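*Asks:* have a look at this fold, sequence not included:
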């Protein structure tokens, strides 16, 4: 098997026509260069140079090899530079997993923060629901992510909680907002909930269902849709009430449901957000950078943990 070192020695000998001159340029002893050339010849099964006087002359096979060797070394150098650039965030791709509603907390700001500091990078924010991101993390498709969790015990992932946000009741009816909403009232409410495709694993629904079960009640939405924007808009039209986190309500209500407002539940229920990665993983500089930015941005909207 030929190596990059062998090819570099070959090109230097080819250029100088001398093993001694090549050794001087590369900073090696002449016998070391000779051994590299012999190793390359053995690997290829051909002679690359003929000795003439005190120098060497390339064979026709060496003439054929030269442009390929040059392209190979150039490609290796380019790959090395790309890796170094990615390490220093000058170029390359930063991938970060984030639960779908996370875009309302920090998605645009997070991307802007990254590009303001490292304009040469490519940013990928992926994920629709925390359970999908969980699977991508477990299978190594993502290095690190921000997810909403119903429990801080997770098989196959290390979770570090960074923030929590109160789950609130949204309505246009002032009478329904006069006092905190109890499990009994929530069980009777005309509710619209998001995450219909993930209703069995969605962390907000799990938290609410647990709270309701503790009080002998059941969460039974009348309307189920995919996105939180739709349930906020429905609440703003008075079609149904909804529950969501306070941070999302603060972002969406002014534009989608300006007549709506929100009130706490009783007892209060919180959504917890955590940084997740595979156990024992050595995080890259890019991952640590994204964790730092995401944590800081989350704290603008949610209570630090």
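*Replies:* That came through, no problem. Fair warning: this is a prediction, and the values are worked out from it, not measured in the lab. Numbers count the residues shown, from 1 in each chain.
*Asks:* surely residue 77 is in a helix?
*Replies:* Yes - assigned with DSSP: H, G, I helix; E, B strand; the rest coil, residue 77 falls within a helix.
*Asks:* for residue 22, see how far away it is.
*Replies:* 19 Å (Cβ to Cβ, to the nearest Å). All C-beta atoms are positioned from the backbone trio N, CA, C, and that covers glycine.
*Asks:* so for those two, which residue has more residues nearby?
*Replies:* Neighbour count, other Cβ atoms under 10 Å: between residue 77 and residue 22, residue 22 has more, with 25 against 11.
*Asks:* so that one sits in a strand?
*Replies:* No - under three-state DSSP, residue 22 falls outside any strand and is assigned helix.
*Asks:* which residues sit in contact with it?
*Replies:* Going by Cβ atoms under 8 Å, 6 or more residues apart in numbering, residue 22 touches 9, 12, 13, 15, 16, 33.
*Asks:* turn the residues you listed into TSV, columns for distance to residue 150.
*Replies:* Shown next, in TSV, are the contacts of residue 22 (distance: Cβ to Cβ, whole Å):
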residue	distance to residue 150
9	60
12	62
13	66
15	65
16	68
33	64
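*Asks:* top of those by neighbour count?
*Replies:* residue 13 (27 neighbours).
*Asks:* that residue against residue 28, yeah?
*Replies:* No - using Cβ atoms under 8 Å as the test, residue 13 is too far from residue 28 to be in contact (11.4 Å).
*Asks:* pick out the most distant pair among the contacts of residue 22.
*Replies:* Spatially, the most separated pair among the contacts of residue 22 is 15 and 33, at 12.6 Å (Cβ to Cβ).
*Asks:* now do residue 40, the pLDDT please.
*Replies:* pLDDT recorded at residue 40 is 95.
*Asks:* what about it, distance to residue 48?
*Replies:* Separation of residue 40 from residue 48 (Cβ to Cβ): 7 Å.
*Asks:* any residues in contact with both of these two?
*Replies:* residue 10.
*Asks:* could I get the contacts of residue 22 as CSV with distance to residue 184, pLDDT and secondary structure?
*Replies:* Below are the contacts of residue 22 laid out as CSV (distance: Cβ to Cβ, whole Å; pLDDT from 0 to 100; DSSP: H, G, I helix; E, B strand; the rest coil):
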residue, distance to residue 184, pLDDT, secondary structure
9, 82, 96, helix
12, 84, 96, helix
13, 87, 96, helix
15, 87, 94, helix
16, 90, 95, helix
33, 86, 94, helix
